[in-house]
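Q: Compute the structure for the input listed below.
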Amino acid sequence: MNPLISDLALYDIANTPGVAADLSHTNTTCSVKGYAGEEQLADALKGCDLVIIPAGVPRKPGMTRDDLFKINAGIVAGLTQACAENCPKAMINMISNPVNSTVPIAAEVLKDAGVYDPRRLMGVTHLDVMRARTFVSRSKGGDPNTIDIPVVGGHAGVTILPLLSQTRPFPKGGFTAEEARALTHRIQNGGTEVVDAKAGAGSATLSMAAAAAEFAHSCLRGLNGERNVLEHAFVESRLVPGCAFFASKVRLGRVGVEKVLGLGKLSDAEAAGLKALTPELSASIRKGFDFARASIPALTSSSTANAGSRLAAAPGLGA
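A: Residues are numbered from 1 along each chain as shown. Below is the predicted model:
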């Protein structure tokens, strides 16, 4: 339904043509086509301006995002290699968990292919921002669509750091220490809340889809030349020593990420949270780097061997 998309290519290992046929009946000027199986992956990606990768298995009760690493890491590496070969200048929105590790994996694969541009690779952490806005609005009042709350760090547990002190508009009466702790804990564990509620039937899908669509729309607005498009994303960054990637507010434009913005003034509790998250985030990033470097020789010989997953490519802007 997004007017900035002219062509939508859907990829999966099976059944995608049916999904595409279903979508194509909606009231949209967008062309929709489905591709199924590894032999059609290249055709799905050719000419794409934006590639959205939500690939992989969902979490189940008791699983952390890190538990998914071995399965999803291979999938992400294979799909990123295919992007490098078929749409090397595309902007990539990485949703596949654990984002703290999959984004570094993608970066290494793109570097090996000689097409890495840090401005065009983003981990999608927008769901953390949506949860922060929603939970704060329900606790303190206000419209979640007009609340701005920076959420920085990573995209798993304690690495998610909502900067409640920078909430705008700032709620009347502010946040007590206990309110801030409770809200921070809920935002950090929002994914687990959904996993537990589904009792083994999956993880966040509808809220993640909404977040992915909102974030993709912002990327397309930037690619289309709109000025001062601000979002949060997990990107290559020098904001925090020891963390080669970090989620923070970014300005999007035609090249992708035009600028990584600073963290602003942190409260004492937020500063402590930043210090606490850094070792875990750094270790997750290193895990992604190590996996990619160990697997790249295999990827070179078989670029799509691990591509059994979901990939939505949105080649808008007249592509």
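
Q: where along the stretch 101-250 of the chain do the strands fall?
A: 121-123, 151-153, 160-162, 229-236, 245-253 (DSSP state E, counting those that start in this stretch).

Q: possible to save those strands as TSV with mean pLDDT, distance to Ala276 and mean neighbour count?
A: For every residue, glycine as well, the C-beta is placed using N, CA and C. Converted to TSV, these look like this (pLDDT from 0 to 100; distance: least, CB to CB, whole Å; neighbours: other CB atoms under 10 Å):
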stretch	mean pLDDT	distance to Ala276	mean neighbour count
strand 121-123	98	20	27
strand 151-153	98	10	28
strand 160-162	98	9	27
strand 229-236	98	18	22
strand 245-253	98	15	24
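
Q: could you redo those strands as TSV and give each row distance to Ile95?
A: Below are the strands of the stretch 101-250 of the chain laid out as TSV (distance: least, CB to CB, whole Å):
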stretch	distance to Ile95
strand 121-123	8
strand 151-153	16
strand 160-162	15
strand 229-236	11
strand 245-253	13
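
Q: and the closest residue to Ala199 other than its chain neighbours, helix, strand or coil?
A: Among residues not flanking Ala199 along the chain, Pro61 sits closest, at 6.7 Å (CB to CB, 6 or more residues apart in numbering). The three-state label given to Pro61 by DSSP: H, G, I helix; E, B strand; the rest coil is coil.

Q: Quick check, pLDDT for Pro61.
A: Pro61 carries a pLDDT value of 74.

Q: Met1 contacts Thr26, correct?
A: Yes - using CB atoms under 8 Å, Met1 is in contact with Thr26, at 6.7 Å.

Q: Overlap of the contact sets of those two?
A: Contact with both Met1 and Thr26 is made by no residue, according to CB atoms under 8 Å, 6 or more residues apart in numbering.

Q: how far away is Ser101 from Leu41?
A: The gap separating Ser101 from Leu41 is 22 Å, by CB to CB, to the nearest Å.

Q: Between those two, which has more neighbouring residues?
A: With neighbours defined as other CB atoms under 10 Å, Ser101 and Leu41 compare such that Ser101 has more, 32 against 25.

Q: How about the more buried one, nearest residue that isn't a chain neighbour?
A: Nearest to Ser101 is Gly288, by CB to CB, 6+ apart, at 3.6 Å.

Q: contacting residues around the one you found?
A: Contacts of Gly288 (CB under 8 Å, 6+ apart): 73, 100-105, 108.

Q: I'd like to check which residues are in contact with Asn86.
A: Asn86 touches 41-42, 45-46, 48, counting by CB under 8 Å, 6+ apart.

Q: Tally up the residues packed near the residue nearest to it when sequence neighbours are not counted, please.
A: Nearest residue to Asn86, sequence neighbours excluded (CB to CB, 6+ apart): Leu45, at 3.9 Å. Neighbours of Leu45 under the rule other CB under 10 Å: 24.

Q: my read: Leu45 touches Ala9, true?
A: Yes - with contact defined as CB under 8 Å, Leu45 and Ala9 form a contacting pair (7.4 Å).

Q: returning to what we had before: for the residue nearest to Ala199, give its distance to Gly200.
A: Taking CB to CB, one finds Pro61 at 6 Å from Gly200.

Q: what does Phe289 give?
A: 32 Å.

Q: Leu10: what secondary structure?
A: With three-state DSSP as the criterion, Leu10 was assigned strand.

Q: can you check Ile5 too?
A: coil.

Q: By mean pLDDT, flag the weakest helix or strand of the protein.
A: Counting by mean pLDDT, DSSP states H and E, the weakest-scoring helix or strand in the chain turns out to be strand 311-314, with a mean of 39.

Q: What are the phi and psi values at the residue positioned nearest the centre of the chain?
A: In the chain, the residue lying closest to the centroid (CA atoms, centre = their mean) is Val124, at 1.7 Å. Dihedral angles of Val124 (phi, psi; degrees, to the nearest 10) stand at phi -90, psi 110.

Q: which stretches of the stretch 201-319 of the chain have low pLDDT?
A: 298-319 (pLDDT under 70).

Q: so where do the helices sit in it?
A: Remark: helices assigned in the stretch 201-319 of the chain by DSSP state H, counting those that start in this stretch are 206-223, 268-301.

Q: Tabulate these (a markdown table), appending distance to Ile147.
A: Converted to a markdown table, the helices of the stretch 201-319 of the chain look like this (distance: least, CB to CB, whole Å):
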| stretch | distance to Ile147 |
| --- | --- |
| helix 206-223 | 14 |
| helix 268-301 | 17 |
